[in-house]
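Engineer: Fold the following, please.
(chains A and B)
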Amino acid sequence: MGRILLVVRLALRDLRRRRTEAVLLLIAILTATTTLTLALVLRDAAGDPYESTRAVTKGPDVVANVQSTGLDHLDQLATASGVTQHSGPYPVIAGKLIAGKLFAGKIEASGRTSDAQVEGRDATVASVDQPEVTKGGWVSDGGVVVEAAFADSLDVGVGDSVVLNGRSFEVVGVAVTAAMPPYPGGSCIVSAGCVNGAIPDDRDLPPGLLHNPGLVWLTQADVRSLASDGGSLSYVMNLKLADPDEAQAFVDRNGGEHGGVMSMRTWQSILADATELAQDSQILLLIGAWLLGLLAVASLSVLVGGRMADQTRRVGLLKAVGATPGLVAAVLLAQYLLVALVAAGAGLTIGALTAPLLTESSAGLVGSAGTASLTWSTIGLVTAVALGVAVVATAVPAVRAARSSTVSALADAARPPRRTGWLIAVSARLPVPLLLASRVAARRPRRVALGVVSIAVTVSGLYVLLVLNAFLGDQPSTGAYTEAQVAVLRQVLLVWTVILLSLAAVNAIVITWATVLDNRHASALARALGATPREVSGALAAAQVLPALLGAVLGVFPGGWALFAAIVTITGGDSDKATLPALWQLTVMVLAAVLVVAALTSVPAYLGGRRPVTETLSASRS
Amino acid sequence: MSDAADTPVLSARGLRKEYGKGEGLVRAVDGVDLDIGAGETVAITGPSGCGKSTLLHLLGGLDRPSGGEVSLNGRRIDDISEKALSRMRRTDVGYVFQSFHLMEELTAVENVELSALLAGRSPRAARRRAEELLDRLGLAGRSRFLPSALSGGQRQRVAVARALSNEPLVVLADEPTGNLDSAATLDVLQLFKDLHESGQTLVIVTHDARIAATTDRTFTMRDGALVDETWPSGGTTGRLGALAGLED
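Structural biologist: Prediction:
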């Protein structure tokens, strides 16, 4: 116990001595933990609104629909093995809906028009799939209830009027259901057939086919009165099974695949469609979290390396007074583990608080943003990742410091630079700034590798962002997302971009500053031997910019390409639908990355090239 | 203050270097006048902290004076740009430091050729010159060794070779034997004697009376000022000499 207290006390004092670095460490881990928390909370939240809607509306396990001629199939299905309850069959017709305000007994001409699936329901409560009225009341003769997301899209509410197949109805209610994904992803339950998504301008739909139909409910009598004849009616039935998890097996057993006489849909497939947006956001954030985790490891490694170099003498003192290598390593590790724990706590809090902004559930589902909450598994995973990042970045330098000779540590001897013979030989043929830059880079190859990785990870992320942005730009005209959904996904991408770029910028500055500090002696000596301040500054900047160029190129290929392929594999998407960035875009991205790194490193490099020579040489011994 | 050669290679007039302000003002170099002729070897001695190293840095353009003038080969260097100072250091001045200041990751020959590469010489010419110098200084067999594999005396010889690499007008050496054992000190003493005989202008800051004894003139410094000038013949000028009763 005493040893633990000692380790914690020493670690806390070390952190207090170097507050700025401690804050940078915190920011680096915090970005990763916040993004990871957002991703995990979104994952948990994605299913919640549908689950609650399903519970409130007595949601069906299977929804079956047939044309008018197949009504007997539904009768057989109602008594099939495994079915415990059912509602329906209910009549359904295809309709043309005009929404607008009633003015002088007529709908305003400016009203929006949309295809609709009109389902006839009883005024009484159904045992399966009783839509939950969120505003107004349930169906009555002459009154229509509109599915909530459809009502949102049409901008109609209780008291407004709509025209269905030429007949005016008053909107008496707005409701949600678990029997169909919210508008515009609704499933097709009419015999006429439906198509969701955009239709290219040069293509006409076959006559009678519904395009992005919404769902409305009337009384059965009103539906039948709207039907031109009995043959135009379709029927839908909602089933409850003894074992909801066996819904797909039930469908397989009863031959209800799409395209057959009878079409059936399981609650799991409705859930997948209903929560598609939240799931897509979660996948994006999860990938972003891993990228940020990698960047955080790079930041930490550089910061920790710098701090360790700074702590050489302290390590020597600890060992001189009897601390074992294990205790020394524990003290060094404990600092970063403490920072990681704080970052995990803060990341969990910020993530949980901001997740609702990205999880606004569709209007077509019961449940609110408040359903996004932390679970123990999320807390455990985020904490483990934060601690893992800290351990990965800290273990090597901590063990190295703990094993170092006490005498040399007390003498505050800096870790000797690496010698890369071939690079030294090649650099002799280069102009002075590049000669010095090559040698600066060669002195600490691990740091250069971290710089390359940091930029490569960032550019890979930006590559994927370009692809996703182009994809979203084509929505909703070509895909399954509405404008509102595109806006939410764009928000997610914005969060991604801002955090990614911020952490990459922190990395670039931290790496440059560590290089400047580490090269104080070499830079001063070069100046004493006749290198100009500009040549030294240029060398320090070039030592960052050249790896940045390599990192940016690797970030495009194979980095970005591989990351996008991984996303397609994880999401089961179709990469053919994506527009990959054009060559000019990639060129601009690589050049921009290099320019940004040059700009970020210019100030530390400028300062590094102008440090007083005599002070530095007097202070250092080699 | 001195009877230097007719055309001084290095000269200083009223040279001052001050740190701090008000009561905390420290005059590290306080009104130094100095002329050093071509081929002359001069020692500057004095107690620790008297300003010897600071004076050397000012003479070589490594530091800027607070006042006064410094001229190298007749050209003022105290008021030129940092870029021009750097260029001057490349070609006209060679430094030898007490703690060698060799690049640890470079071999002896790579350390020596670095000055020439910075001065824009071709890699081949720089390497040839570096190998010649190491050969001349008795380190031909050690040219591929890293500094960590060399003795103190050998490291200092590498540092001297580096200082000579661009054939400078003047070599400035700051306590060149300060970190060396007796054998290595004798080694370096012989080296400076050889340089002296070859006509190289040398300014050596040292505590070591043996080094001072090999030079043409020795200045004694105290509290930032040159207080005495001694010739090997035994003559002295200045306050210390007067205090000791050596001068009229």
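
Engineer: top helix in chain A by residue count?
Structural biologist: helix A:19-56 (DSSP state H).

Engineer: Excluding chain neighbours, what is closest to the residue in chain B positioned nearest to chain A?
Structural biologist: Residue nearest to chain A within chain B (Cβ to the nearest Cβ): B:R90, separated by 2.8 Å. C-beta coordinates here come from the backbone N, C-alpha and C atoms, glycine included. In space, and not counting its chain neighbours, B:R90 is closest to A:G530: 2.8 Å by Cβ to Cβ, 6 or more residues apart in numbering or on different chains.

Engineer: What's the local residue count around that neighbour?
Structural biologist: Counted with other Cβ atoms under 10 Å in any protein chain shown, residues neighbouring A:G530 total 27.

Engineer: coming back round to it: same for the longest helix of chain A, what does it pack against?
Structural biologist: helix A:267-274, helix A:276-310, helix A:325-358, helix A:376-403, helix A:483-518 (3 or more Cβ pairs under 8 Å, 6 or more residues apart in numbering or on different chains; DSSP states H and E).

Engineer: mind redoing it with 10 Å?
Structural biologist: Counting contacts by 3 or more Cβ pairs under 10 Å, 6 or more residues apart in numbering or on different chains; DSSP states H and E, helix A:19-56 packs against helix A:2-17, strand A:132-136, strand A:167-176, helix A:267-274, helix A:276-310, helix A:325-358, helix A:376-403, helix A:483-518.

Engineer: you'd agree the residue nearest to B:R90 is up against B:R121?
Structural biologist: No. When contacts are counted by Cβ atoms under 10 Å, A:G530 is not listed as touching B:R121 (11.5 Å).

Engineer: what do the two both touch?
Structural biologist: When Cβ atoms under 10 Å, 6 or more residues apart in numbering or on different chains defines a contact, the residues bordering A:G530 and B:R121 alike are B:S115, B:N166.

Engineer: In terms of pLDDT, where does the residue nearest the centre of chain B sit?
Structural biologist: Geometric centre of chain B, nearest residue: B:L172, 1.4 Å, by Cα atoms, centre = their mean. B:L172 is assigned 94 on the pLDDT scale.

Engineer: wait, is it part of a strand?
Structural biologist: Yes. Assessed with DSSP: H, G, I helix; E, B strand; the rest coil, B:L172 lies in a strand.

Engineer: Verify the stated contact: it with B:F97.
Structural biologist: Yes. Contact criterion Cβ under 10 Å: B:L172 and B:F97 qualify, at 9.5 Å.

Engineer: Between these two, which contacts overlap?
Structural biologist: B:S53, B:L56, B:A163.

Engineer: which stretches of chain B form helices?
Structural biologist: Taking DSSP H, the helices of chain B run over residues B:52-59, B:82-92, B:108-118, B:123-136, B:152-164, B:182-197, B:209-213, B:239-244.

Engineer: If you average pLDDT over each of these, which is lowest?
Structural biologist: Note on those: helix B:239-244 shows the lowest mean pLDDT, a mean of 40.

Engineer: what's the following helix or strand after the helix-or-strand element of chain A with minimal mean pLDDT?
Structural biologist: One helix or strand of chain A scores below all others by mean pLDDT, DSSP states H and E: strand A:106-107, with a mean of 50. Next in sequence after strand A:106-107, counting helices and strands by DSSP states H and E, comes strand A:113-121.

Engineer: what pairs with that next one, and is each one parallel or antiparallel?
Structural biologist: Sheet pairing of strand A:113-121 (DSSP bridges) gives strand A:83-100 (antiparallel), strand A:214-219 (parallel).

Engineer: Next, the contact list for the closest residue to chain B within chain A, please.
Structural biologist: Proximity of chain A to chain B (Cβ to the nearest Cβ) peaks at A:G530, 2.8 Å away. For A:G530, the contacting residues are A:432, B:85-95, B:114-116, B:118-120, B:166, B:168, by Cβ under 10 Å, 6+ apart.

Engineer: Any quick PyMOL command for the buried ones out of these?
Structural biologist: Here is the PyMOL command that selects the buried residues among the contacts of A:G530 (16 or more other Cβ atoms under 10 Å in any protein chain shown):
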select buried, (chain A and resi 432) or (chain B and resi 85+86+87+88+89+90+92+93+94+95+114+115+116+118+119+166+168)
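
Engineer: Show the model's pLDDT score for A:A508.
Structural biologist: With respect to pLDDT, A:A508 scores 83.

Engineer: Which residue, other than its chain neighbours, is closest to it?
Structural biologist: With Cβ to Cβ, 6+ apart, the residue lying closest to A:A508 is A:L600, at 4.5 Å.

Engineer: returning to what we had before: Validate this expectation: the residue nearest to B:R90 resides in a strand.
Structural biologist: No. According to three-state DSSP, A:G530 belongs to no strand; its state is coil.

Engineer: and A:G326, how many neighbours does it have?
Structural biologist: Close neighbours of A:G326, defined as other Cβ under 10 Å, add up to 11.

Engineer: What residues does it make contact with?
Structural biologist: A:R3, A:V399, A:A402.

Engineer: So among these, which ones count as buried?
Structural biologist: For the contacts of A:G326, buried by 16+ other Cβ under 10 Å: A:V399, A:A402.

Engineer: Turn the contacts of A:G326 into CSV, including pLDDT and distance to chain B.
Structural biologist: Below are the contacts of A:G326 laid out as CSV (pLDDT from 0 to 100; distance: Cβ to the nearest Cβ, whole Å):
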residue, pLDDT, distance to chain B
A:R3, 73, 37
A:V399, 78, 23
A:A402, 74, 23
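
Engineer: re earlier: between the helices and strands packed on helix A:19-56, which gets the lowest average pLDDT?
Structural biologist: helix A:276-310 (a mean of 68).
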